[in-house]
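Engineer: okay, structure incoming, though there's no sequence with it:
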């Protein structure tokens, strides 16, 4: 019996190949997003958004540290962190120690509607994901694609499938894992240049429309499984 494995990124496909999975059984199918939920709107100057569970591989404390390094340069900037998890108290203590209580907000877990609403006001999206001590990594990074769909420039790490989604220098900037200074510098570059930020945001949305929509992912799956694709199928599903 022929078995097929679907993975969301080339990185994960490579890892499975390293442990012996035959390449002909592996198919990369990105996690597509519903772009209609992330329409570009008016940006709030300096509004920076991070979305993700407060866990080791998301490294929320490093995002806070990077923001702290540039906060004095951008007095209008605010960091909204959406998500909850075991590192919440550590993050809260760090915010207090760095005297950022009026600049950084831990929103906790939020609905997808609330995430979309905040994303559409953002001037910058940040995510400093790292490889956890256990080896745990991100599988794809859906929030990055959602930010790009909302035409928000992205600053993230070169982590797993992030290099598949974020085009460095075009739709955002990528830095090395654990490079807090590098992330701070990348954030400052975007916040200091609204024209470049808008250009990156527009390029990000085009990239999502070209490669990462739900319909494209559905069609890719159907092709692999030998099923019909196209608008007639989508109309039937709707």
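Structural biologist: Cool, got the structure. Model, not experiment: these values are computed from the prediction.

Engineer: which residues of the protein fall in helices?
Structural biologist: With DSSP state H as the criterion, the chain has helices at 10-18, 60-70, 88-97, 112-119, 142-149, 162-165, 180-192, 194-211, 214-225, 231-237.

Engineer: what score does the residue nearest to the spatial centre of the chain have for pLDDT?
Structural biologist: Closest residue to the average C-alpha location of the chain: residue 144 at 1.9 Å, with C-alpha atoms, centre = their mean. Confidence at residue 144, expressed as pLDDT, is 94.

Engineer: roughly how far does it sit from residue 207?
Structural biologist: Counting by C-beta to C-beta, to the nearest Å, the separation of residue 144 from residue 207 is 11 Å. Heads up, the C-betas are built off the backbone N, CA and C, glycines and all.

Engineer: name the residues contacting each of those two.
Structural biologist: Each of residue 165 lies in contact with both residue 144 and residue 207 under the rule C-beta atoms under 8 Å, 6 or more residues apart in numbering.

Engineer: before we move on, the earlier item: correct me, but the residue nearest to the centre of the chain touches residue 126?
Structural biologist: No: when contacts are counted by C-beta atoms under 8 Å, residue 144 is not listed as touching residue 126 (10.0 Å).

Engineer: now for the two: what residues contact both?
Structural biologist: Residues touching both residue 144 and residue 126 by C-beta under 8 Å, 6+ apart: 154, 156.

Engineer: by mean pLDDT, point me to the weakest helix or strand of the chain.
Structural biologist: Using mean pLDDT, DSSP states H and E, helix 231-237 stands out as the lowest-scoring helix or strand of the chain, at a mean of 42.

Engineer: quick one: low-confidence ranges for the chain?
Structural biologist: Applying pLDDT under 70 to the chain flags residues 1-2, 230-238.

Engineer: for the residue nearest to the centre of the chain, give its distance to residue 216.
Structural biologist: 16 Å.

Engineer: then residue 138?
Structural biologist: Distance from residue 138 to residue 216, by C-beta to C-beta: 21 Å.

Engineer: for these two, indicate the residue with more neighbours.
Structural biologist: The neighbour comparison of residue 138 against residue 216 (other C-beta atoms under 10 Å) goes to residue 138, with 26 against 17.

Engineer: surely that one meets residue 158?
Structural biologist: No: with contacts counted by C-beta under 8 Å, residue 138 stays clear of residue 158, the gap being 11.6 Å.

Engineer: so the closest residue to residue 21 other than its chain neighbours bridges to which residues?
Structural biologist: Closest residue to residue 21 apart from its sequence neighbours, by C-beta to C-beta, 6 or more residues apart in numbering: residue 5 at 6.5 Å. Going by DSSP bridges, residue 5 is paired in beta bridges with residue 26.

Engineer: tally of neighbours for residue 5?
Structural biologist: Residue 5, neighbours per other C-beta under 10 Å, totals 13.
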